[in-house]
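K.L.:
The following comprises the amino acid sequence and a computationally predicted model.
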There are 2 protein chains.
Amino acid sequence: MIRIIILGSGNVAKHLYKAFMNIKAINVIQCYNRKGILLHPDQELGDITNDLQVLKEADLYIVAVSDDAIKTVSDGLMFNDRLVVHTSGSSPLHTLNNANKRGVFYPLQSFSQQKDIDFESIPFCLEAEHEKDLALLKKVAGSLSKNVYEISSEQRNTLHVAAVFANNFTNYLFSTAKNICDTQKVPFEILHALILETATKITEIDPDLAQTGPALRNDTKTIQRHLNTLSNQEHKNIYQALTAAIQSKHGKKL
Amino acid sequence: MIRIIILGSGNVAKHLYKAFMNIKAINVIQCYNRKGILLHPDQELGDITNDLQVLKEADLYIVAVSDDAIKTVSDGLMFNDRLVVHTSGSSPLHTLNNANKRGVFYPLQSFSQQKDIDFESIPFCLEAEHEKDLALLKKVAGSLSKNVYEISSEQRNTLHVAAVFANNFTNYLFSTAKNICDTQKVPFEILHALILETATKITEIDPDLAQTGPALRNDTKTIQRHLNTLSNQEHKNIYQALTAAIQSKHGKKL
């Protein structure tokens, strides 16, 4: 039985707690957060604390707090030489206090409170200072997901930047597409199938090969008509910047 | 039995031909293209022509050619008062010669030759000058897909611009994410689940509500670290432009 303590009360903490409930080999023996709130309605009040001094002995402490709070929480731990990991995509391993054995347990997904998470397809990016600790993290992550990767802090930082392009910026483009549809009362749902196909395609072929559209074809007539159609200046700017970027990238190849 | 003639030999023409083969109520009685090539290995040679003068009488002529060729092909038709449609997302209905009854039969998807198309989930955007013609187009589109919409030429132009954001520009961001991963030998497949989740999410909630990330949080520390991580100037430019756009959009709401 692997004994785990989860520190934090955000979406990652809650989703991990819920997922671990279904894993027989794992027992979340205690949770900590500043307000002492439950992570799940079924959790027992006695298993939750807002006092770092009363933390039990466990095999793994998962610090699932905001990036800014990782250092404070890990500095506040009253024990040494135990395995303490954070769950952040953008904080290096050494953000954790070196009084304990450090690691990273980063589920790469955008978590929201409303939506249930199926961990099975979520990649876990792991890092640890010691082989033995990495093995334990692999066991824990492997009990939730089929996609487990060993990733250095430097690689994780790069991955986090790439995720901003693939998730945050992409979502902004979807929201822009919806705004554009709204101007002419076109139902945004017409674009759903195209959006799903666009995403699915790059899991099958290299996105460079999947590139299409007026920018790639250098179809200046269509580009000009599109710019005339856009009434919002911010949308025009983004259209021009991305058109230029596609042409700069693919032009070089020709 | 609805008699159809397909004009053109590109991806849309080929995919439509193949899909119609499975529809009992539809018979593609002839195909035209300049080179007289088959749209499918099972097609009979006698059903294909490269001569507009020998086109048979049909209930529907589908001009599935490039935008630039729509006018030329429709001007070359030797008959009047029959139903002629194009399949373009970006050409207005009146691109077609008004000697015939005109319409638009636009399957909104990015077609590639390699990939099989399941028309069932592809939205068809229809337009016609006469109610009776629209009814026929609805019947034909409805035999292939569950998602059939009546869309004016103006709406279709708007939709086409929105599709550039949702498909072309999004794909460019995916390709950028892959390039960034490559710089640190991070497997791009780690991002696949996130990309699929990002796309799926906006079919369930408004993309404005799905927005997350350092730009939205105005997390200047992370933004600066990301910019330092990016070595490619084009990637830096896009990062800054999209960060500014997200902040301009969501800042106004606060």
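P.N.:
Sure, I can see it. Numbers count the residues shown, from 1 in each chain, chains lettered A, B, ... in the order given.

K.L.:
and the gap between the nearest residue to A:T222 once chain neighbours are set aside and B:I202?
P.N.:
Closest residue to A:T222 apart from its sequence neighbours, by C-beta to C-beta, 6 or more residues apart in numbering or on different chains: A:P214 at 4.1 Å. Every C-beta, even on glycine, is put in place using the N, C-alpha and C of the backbone. A:P214 is 23 Å from B:I202, where distance means C-beta to C-beta, to the nearest Å.

K.L.:
neighbour count winner among these two?
P.N.:
B:I202 (24 against 21; other C-beta atoms under 10 Å in any protein chain shown).

K.L.:
got the contact list for A:T212?
P.N.:
Contacts for A:T212 (C-beta atoms under 8 Å, 6 or more residues apart in numbering or on different chains) come out as B:S110, B:S112, B:N167, B:N168, B:N171.

K.L.:
Kindly recompute the last result at 7 Å.
P.N.:
B:S110, B:N168 (C-beta atoms under 7 Å, 6 or more residues apart in numbering or on different chains).

K.L.:
Under the pLDDT cut-off, which ranges of the stretch 1-150 of chain A? List them.
P.N.:
Applying pLDDT under 70 to the stretch 1-150 of chain A flags residues A:111-115.

K.L.:
mind listing the strands in it by residue range?
P.N.:
Ranges of strands in the stretch 1-150 of chain A, per DSSP state E, counting those that start in this stretch, are A:2-7, A:26-32, A:48-49, A:60-63, A:83-86, A:101-107, A:124-128, A:148-150.

K.L.:
helices or strands up against the first one?
P.N.:
Applying 3 or more C-beta pairs under 7 Å, 6 or more residues apart in numbering or on different chains; DSSP states H and E, one finds that strand A:2-7 makes contact with helix A:11-21, strand A:26-32, strand A:60-63.

K.L.:
so which of those comes closest to chain B?
P.N.:
If you check each of the helices and strands packed on strand A:2-7 against chain B by C-beta to the nearest C-beta, helix A:11-21 wins as the nearest, at 10.4 Å.

K.L.:
May I see the buried residues of the closest one?
P.N.:
Across helix A:11-21, burial judged by 16 or more other C-beta atoms under 10 Å in any protein chain shown covers A:N11, A:V12, A:A13, A:K14, A:H15, A:L16, A:Y17, A:K18, A:A19, A:F20.

K.L.:
A:D206: neighbour count?
P.N.:
Residues lying near A:D206 (other C-beta under 10 Å) number 13.

K.L.:
The nearest residue to it once chain neighbours are set aside is in what secondary structure piece?
P.N.:
The shortest distance from A:D206 to any non-neighbouring residue, by C-beta to C-beta, 6+ apart, is to B:K178 (7.2 Å). Assigned by DSSP states H and E, B:K178 falls within helix B:170-183.

K.L.:
CA atoms only: put that helix into PDB for me.
P.N.:
C-alpha atoms of helix B:170-183 as PDB (Å, rounded to 0.1, in the frame of the first residue of the first chain):
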ATOM      1  CA  THR B 170      -4.900  26.600 -35.200                       C
ATOM      2  CA  ASN B 171      -2.900  24.100 -37.200                       C
ATOM      3  CA  TYR B 172      -0.100  26.600 -37.400                       C
ATOM      4  CA  LEU B 173      -0.100  26.800 -33.600                       C
ATOM      5  CA  PHE B 174       0.100  23.000 -33.400                       C
ATOM      6  CA  SER B 175       3.000  23.000 -35.800                       C
ATOM      7  CA  THR B 176       4.700  25.700 -33.700                       C
ATOM      8  CA  ALA B 177       4.100  23.700 -30.500                       C
ATOM      9  CA  LYS B 178       5.800  20.700 -32.200                       C
ATOM     10  CA  ASN B 179       8.800  22.800 -33.300                       C
ATOM     11  CA  ILE B 180       9.200  24.000 -29.700                       C
ATOM     12  CA  CYS B 181       9.000  20.400 -28.400                       C
ATOM     13  CA  ASP B 182      11.600  19.400 -31.000                       C
ATOM     14  CA  THR B 183      14.200  21.900 -29.700                       C
END
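
K.L.:
coming back round to it: to B:D208, which of the helices and strands packed on strand A:2-7 lies closest?
P.N.:
helix A:11-21 (18.8 Å; C-beta to C-beta).

K.L.:
So the closest one, near chain B or not?
P.N.:
No - Helix A:11-21 is not in contact with chain B by C-beta under 7 Å from any C-beta of the partner chain; minimum separation 10.4 Å.

K.L.:
how far does stretch A:17-36 sit from the chain's center?
P.N.:
Here stretch A:17-36 is found 20 Å from its chain centre; the criterion is C-alpha atoms, centre = their mean, to the nearest Å.

K.L.:
again, but for stretch A:193-209
P.N.:
Distance of stretch A:193-209 from the chain centroid (C-alpha atoms, centre = their mean) equals 20 Å.

K.L.:
next one: stretch A:75-92
P.N.:
For stretch A:75-92, the distance to the chain centre is 18 Å (C-alpha atoms, centre = their mean).

K.L.:
got it, and stretch A:229-248?
P.N.:
On C-alpha atoms, centre = their mean, the centre of stretch A:229-248 falls 28 Å from the chain's centre.

K.L.:
Show me what that stretch is in contact with.
P.N.:
The contact list for stretch A:229-248 (C-beta under 7 Å, 6+ apart) reads A:176, A:180, A:183, A:211, A:215-216, A:218, A:223, A:226-227, B:157-158, B:161, B:169, B:172, B:234, B:237-238, B:241, B:245, B:248.

K.L.:
Also stretch A:20-28?
P.N.:
With C-beta under 7 Å, 6+ apart, stretch A:20-28 has contacts from A:M1, A:I2, A:R3, A:I4, A:I6, A:Y17, A:V140, A:S143.

K.L.:
Go again with 10 Å.
P.N.:
By C-beta atoms under 10 Å, 6 or more residues apart in numbering or on different chains, the surrounding residues in contact with stretch A:20-28 are A:1-6, A:16-19, A:39-40, A:42-43, A:47, A:58-60, A:62, A:119, A:139-140, A:143-144.

K.L.:
I'd say A:V54 and A:C31 touch.
P.N.:
No - with contact defined as C-beta atoms under 10 Å, A:V54 does not count as touching A:C31 (11.9 Å).

K.L.:
Which of those two has more residues huddled nearby?
P.N.:
A:C31 (27 against 10).

K.L.:
and the gap between that one and A:V65?
P.N.:
Taking C-beta to C-beta as the measure, A:C31 falls 12 Å from A:V65.

K.L.:
intersection of neighbour lists for those two?
P.N.:
Shared contacts of A:C31 and A:V65 (C-beta under 10 Å, 6+ apart): A:L7, A:G8, A:S9, A:A13.

K.L.:
which one of the residues you listed has the most neighbours?
P.N.:
A:L7 (27 neighbours).
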